[in-house]
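Asker: what follows is a predicted structure for the sequence shown.
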Amino acid sequence: MLCLLLPLAAALFPGGDSEVGFGEPVSYHAIRTSSFHNHSWVHQGSGWLGELQTHCWNSSSGTFTFLYPWSRGNFSDKEWMDLERVLGTNFHKVQEFYTYPFDLQITIGCELHSGKNFLSFLQGAIQGYDFLSFQNKTWLPSPKGGRKAQKACKQLNLRQGNTQRVHRLLSDTCPHFTLGLHDAGKAHLQQQVKPQAWLSSGPSLGPGHLLLVCHISGFYPKPVWVMWMRGEQEQLGTQRGDFLPNADGMWYLRATLDVAAGEAAGLSCRVKHSSLGGQSLVLSPHSSLGLILLAVIVALALLTGLGVWFMKRW
């Protein structure tokens, strides 16, 4: 089954001559999801340099969308055209293992460390369950894949030519392409964008309680520290949500704290980020409430003035 996806992976990871020369691990992975329903199907794909999405697949036009000007990396136009043609391929032969409808997921990529150390991976799943993987020049079935996965791996391991091709793909071309893309996007990856923060209140979790919400948005890179504080004491009840990507590649995060309504005094939300140069953003619910009240008063004054003006005009 996965032999059908090897041309896709080969096109996605062209070769290069770069040497590893960075301190932090650098990784690239591609995700491909195909949903098969009778004789119709929907393909979705994306490419990620670390946690930054650099490519997405437009299934309606059958072309790649480059999310940044440097997302082409060291690809030539011909290589991108070959990849787009591969993604439009009919994959009905996977019905040999599963009958319609079903979903097929493939993840392939590598992670590079300083020196020449790297970790590569290729994993396949069907219906959300691990099906097989490629490790140490061998296709291995997942225990959850059952007899179908065992049969697929047995057939794939008999094809030594394809097995060697996959090994070269993961051990050579993937690391070189990752380096090329990393070099092309270095200026973007090294940028420091300061977070914007504001406070609000959420739905109360009970009578006499108040849910304080601290919003942090528009920051890059992703690592950020946020905590509700009382003076210099961290509030262990702080709940942090998931990191969510903004449309511009920046990040959003929220931190909440459930407190009794009379205990909000003296609390503040503190944010630390590499872009702040060792400083912290500190927001107090009382100061925010004062600004909100001021804005409401100004708005009411403007509305009153407009009302008086209309009355005089009419």
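Answerer: Arrived safely.

Asker: got the buried residues for the helix or strand hosting R270?
Answerer: Assigned by DSSP states H and E, R270 falls within strand 267-272. Under the neighbour-count criterion of 16 or more other Cβ atoms under 10 Å, strand 267-272 has L267, S268, C269, R270, V271 buried. (Each C-beta comes from the backbone N, C-alpha and C, glycine too.)

Asker: from those residues, which is closest to H215?
Answerer: Lowest distance from H215 to the buried residues of strand 267-272 (Cβ to Cβ) belongs to C269, with 9.0 Å.

Asker: okay, and the beta partners of that closest one?
Answerer: According to DSSP bridges, the partner residues bridging C269 are W228, L283.

Asker: output the below-cut-off pLDDT ranges for this protein.
Answerer: Along the chain, segments meeting pLDDT under 70 span 1-23, 38-40, 82-98, 115-116, 286-302, 305, 308-309, 314.

Asker: one more pass at 50, please.
Answerer: Within the chain, the stretches with pLDDT under 50 are 1-21, 90-93, 288-298.

Asker: show me the helices in it, by range?
Answerer: Counting by DSSP state H, one finds helices in the chain at the ranges 6-12, 77-87, 146-158, 160-168, 174-184, 186-189, 285-313.

Asker: tell me which residues touch F118, please.
Answerer: V20, C110, E111, L112, S171, P175 (Cβ atoms under 8 Å, 6 or more residues apart in numbering).

Asker: quick one: end-to-end distance for stretch 269-277.
Answerer: Terminal residues of stretch 269-277 lie 18 Å apart, using Cα to Cα, to the nearest Å.

Asker: and it, how far from the chain's centre?
Answerer: Relative to its chain's centre, stretch 269-277 lies at 22 Å (Cα atoms, centre = their mean, to the nearest Å).

Asker: farthest pair in the buried residues of strand 267-272?
Answerer: Longest span within these, Cβ to Cβ: L267 and V271, 14.1 Å.

Asker: out of the buried residues of strand 267-272, the closest to S46 would be?
Answerer: Of those, the one sitting nearest to S46 (Cβ to Cβ) turns out to be V271, at 29.2 Å.

Asker: distance of the nearest residue to that closest one once chain neighbours are set aside from T99?
Answerer: Residue nearest to V271 in three dimensions, not counting chain neighbours: L281, with 4.0 Å by Cβ to Cβ, 6 or more residues apart in numbering. Distance, L281 to T99, by Cβ to Cβ, to the nearest Å: 55 Å.

Asker: who has more neighbours, these two?
Answerer: The neighbour comparison of L281 against T99 (other Cβ atoms under 10 Å) goes to L281, with 18 against 8.

Asker: got the contact list for L283?
Answerer: Neighbouring residues of L283 by Cβ under 8 Å, 6+ apart: A197, W198, L199, C214, S268, C269, V271.

Asker: then K144?
Answerer: Contacts of K144 (Cβ under 8 Å, 6+ apart): Y129, D130, F131.
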